[in-house]
Structure formats: C-alpha cells, structure tokens
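J.: can't give you the sequence, but here's the structure:
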DNA sequence: TCTATTTATTGCAATGTTACGATGAATAAA
DNA sequence: TTTATTCATCGTAACATTGCAATAAATAGA
C-alpha cells in the first residue's frame, strides 16, 4: 500500500505523525539545526553546508515549508529561509506533551 | 533512491531522524498512546483497538521494539507489550532538546 | 538585451513503507 | 494427541520517498 489509513486515527495522532515524519530525515534535521544556529536566515549555503545536490535540498526545504516550520523570503536571485517561530511553537505544543507523558510504572509484566 | 545518505550527517542528526521516523505513522502513535494510557501492558487488544489487521499491527510493534521504545513479554499464547521506560527517557533526552531549541529572533528577513 | 547566478520544477531510477492474506510457530485447553 | 488461540513471518501489491540530472523560471548585472 505505502500510505497510512489516516481515517482510523484521531486528528491528534495524525498531526503528531505528520510532524514526526518531516523530522524523519537527517537532512531536514540538519537544515533546521543550521537555521537555529545562525539565528537568522540562510539561503542556498545549505547546499554547501550539507552535501546533497541542490534539487534535493530544495525538495527538503519544500517539505519543511509545507508543514509550516520554515518560511522563505526572496532576496534577488536568492531565497532566504528561516524558522517560522509561531508555527514552531505550535508544533512543540503538540509534540512535547506526546514525548513527555508520565511514564507508567509497570505493574505485572515487562 | 529511497534511502537517506546517512554518512553526510552527524550521529545526533541520524538518531533524531530515526526516532522521528518511528513516530511518523499514526498507528505507532496510537499504539504508544494506548500503552501509556493503560499504565501497564497490552497484547493483541491493539488489533481491536486500532482498526488494522493483525499482521500490520505486529509489524508496527516490531518497529517500535526495534527502536527500543517498547518491550514484549510472552504470556502463554499472548504477548504483552509495554513502554520501555529507560529507553523512552533516553529518547526524550535526545528529542526534546531538538524541539525545544531557543527560537531565533529573526533579524533582517522573514 | 544578453549573460550569469540562484532556486524551483520535472522526470526518472532505486529503494523504502504500508497493508493484508496466507501460513507458520508456540502454547493452552480439551 | 488433537484443536483452538494468538502472534510472527512471508510474500506481494500499491504507493511513497530519496536523490539527482536536466531544465525552467526569475532576477541582477554587464
């Protein structure tokens, strides 16, 4: 099949999965970390920074943008990308509670 | 290609991506939430709880187990699964700092 | 206008993922 | 021992993802 049966799950579960999916590739993690580190925008330096071809980076940026985690600003022939802080905070508000649930004190097994 | 060029990225980036990937399907999110809610183990009730076929659930459980997030215990013909609390804490220690980075106050663009 | 630069898009090959039916393996109960 | 129950594995179809070469689109500068 290759595609998830989203209708079986809650809105919350699907949303968590979608965010997690976009973090599920090291290039996208690296892009985000770079954008955080620079504290401001970057452009196609990402292609040099990370060792992937330009179309590949462009595609990863598109997915990050599609989830609203970054935004781009055209500056001449270059495009400047940065973290979308408001959306990042919304994402955190959904992801962190999932990861940070109270751990069960297992009763009988395990 | 279909597979990530992991050699381009840091250990940390690859690890974050691997954890995120396993959270990147709503069925696995649902399984984990269920295991958290019950505060103890579950078995194949997951098949009834979630609407997927038994082999599909079994496969998702295998992936969660492969990342160490859950562990299983055979009890007769049944298998009891639960959160692996120690490994879950290790996962949190890697994922939360990534999600919870200080947000840049964007300077010139965006 | 023409050229160079930068980024996005298209098309495609290789591989991964998801889902399930069929089947196997293991144990419990009759 | 036979049968039923439960879960894992295998095989496979449908689809998604990753990566890049080729190319298009947009703008800046000559």
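T.: Yes, it's here. Nothing here was measured: the structure is a model prediction, and the numbers come from that model.

J.: and the residue in chain A that DNA strand C sits nearest to, what does it touch?
T.: Nearest residue of chain A to DNA strand C, counting by CB to the nearest atom of the strand: residue A:44, 2.0 Å away. Where C-beta positions appear, they are placed from N, C-alpha and C, glycine not excepted. Contact analysis of residue A:44 by CB atoms under 8 Å, 6 or more residues apart in numbering or on different chains lists A:54, A:57, A:78-79.

J.: turn these into CSV, including distance to DNA strand D.
T.: Output for these, formatted as CSV (distance: CB to the nearest atom of the strand, whole Å):
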residue, distance to DNA strand D
A:54, 7
A:57, 8
A:78, 8
A:79, 10
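
J.: for ChimeraX, write the selection for the buried entries among these.
T.: Provided next is the ChimeraX selection string for whichever of those are buried by 16 or more other CB atoms under 10 Å in any protein chain shown:
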select /A:57,79
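
J.: tell me which two of the contacts of residue A:44 sit farthest apart.
T.: Within the contacts of residue A:44, A:57 and A:78 form the most distant pair, 13.3 Å apart (CB to CB).

J.: quick revisit: out of the contacts of residue A:44, the closest to residue B:110 would be?
T.: Nearest to residue B:110 among those, counting by CB to CB, is residue A:79 at 10.5 Å.

J.: surely that closest one is within a strand?
T.: Yes. Under DSSP: H, G, I helix; E, B strand; the rest coil, residue A:79 sits within a strand.
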